[in-house]
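A.B. asks: Sequence and predicted model, in that order:
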Amino acid sequence: MEQTEQLTGRKYVAVAGNIGAGKSSLTKVLSDYFKWEPFYERVDDNPYLADFYDDMRRWSFNLQVFFLSSRFKHQREIEGAPHSVVQDRSIYEDAEIFARNLYEMGLMSQRDFQNYTELFAIMTSYLRPPDLLVYLRATVPTLVDHIQQRGRDYESTIRIEYLQRLSRHYEDWIDRYELGPKMIVDVDALDFVNRPEDRSAVISQVDGRLFGLFPE
């Protein structure tokens, strides 16, 4: 794989998907197999996340700005890296999914949403999109099962309706996504964490899209 990477240049892959879809797990799988540097979403050290789930209206803008700042910093590091990287959640999901959903739910004011989207547009104008976006598609029951399995206390207050709304935004966004190549992984049908054959299938698909002679 190192020889292949030298021939084709460094790659930047982003893994997208709803809460509990398996982004961090797939990021690790791809990082371990291809020997790419992983960039994980800041969750455990996020100073706003627990407060946000307790009071979304109060902390929505603060949380989204924190994520935007953190991911922009990651993006700049990714673009300066001399090797290939894989990223847990793209910067585009912040505006297209989460901030938009909070605004539509009345949990972020119009003033804050406009301020946020303008900041997002300015920041992303300086970035290059991923060489491949991997979208993890999962139904809400699968998301709930994954969230319960990992047992994060602050996620125990997430409502089913919230996940459903996010899923609708994700499907709308992935249909419109035209910044570069994309592939969709059906998480309901595959278990790339526990089944080696499923893991190999996803890896093979990513490999084909990035390094194949005739990528789709």
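C.D. replies: That came through fine. Remember, predicted model here, so these are calculated numbers, not experimental data.

A.B. asks: Now do the same for residue 75: its pLDDT.
C.D. replies: pLDDT for residue 75: 89.

A.B. asks: same check, this time on residue 150
C.D. replies: The model reports residue 150 with a pLDDT of 80.

A.B. asks: Identify the residues contacting it.
C.D. replies: By C-beta atoms under 8 Å, 6 or more residues apart in numbering, residue 150 lies in contact with residue 20. Using the backbone N, CA and C atoms, a C-beta is placed for each residue, glycine as well.

A.B. asks: got it, and residue 210?
C.D. replies: Neighbouring residues of residue 210 by C-beta under 8 Å, 6+ apart: 8, 11, 13, 131-132.

A.B. asks: swap in residue 62?
C.D. replies: Listed by C-beta under 8 Å, 6+ apart, the contact set of residue 62 reads 48, 52.

A.B. asks: so which helix or strand takes in residue 127?
C.D. replies: Using DSSP states H and E, residue 127 falls within no helix or strand.

A.B. asks: what's the neighbour count on the residue nearest to it when sequence neighbours are not counted?
C.D. replies: Distances taken as C-beta to C-beta, 6 or more residues apart in numbering put residue 75 closest to residue 127, at 4.9 Å, once the chain neighbours are dropped. If you count neighbours by other C-beta atoms under 10 Å, residue 75 ends up with 23.

A.B. asks: Three-state assignment for residue 75, please.
C.D. replies: Classification of residue 75 using DSSP: H, G, I helix; E, B strand; the rest coil returns helix.

A.B. asks: From residue 147, how far out is it?
C.D. replies: For residue 75, the distance to residue 147 equals 27 Å [C-beta to C-beta, to the nearest Å].

A.B. asks: again, but for residue 71
C.D. replies: Separation of residue 71 from residue 147 (C-beta to C-beta): 21 Å.

A.B. asks: Same check on residue 22?
C.D. replies: Per C-beta to C-beta, residue 22 is found 11 Å from residue 147.

A.B. asks: swap in residue 195?
C.D. replies: In terms of C-beta to C-beta, residue 195 sits 20 Å off from residue 147.

A.B. asks: Name the residue in those two with the higher neighbour count.
C.D. replies: Ranked by neighbour count (other C-beta under 10 Å), residue 195 and residue 147 place residue 147 first, with 18 against 11.

A.B. asks: Would you agree the more buried one is in contact with residue 158?
C.D. replies: Yes: if you go by C-beta atoms under 8 Å, residue 147 and residue 158 touch, sitting 6.7 Å apart.

A.B. asks: what do those two both touch?
C.D. replies: residue 19.

A.B. asks: Quick check, residue 63 in contact with residue 49.
C.D. replies: Yes: the criterion here is C-beta under 8 Å, and residue 63 meets it with residue 49 at 6.7 Å.

A.B. asks: who's more crowded, the two?
C.D. replies: A count of neighbours by other C-beta under 10 Å puts residue 63 above the other of residue 63 and residue 49, at 23 against 19.
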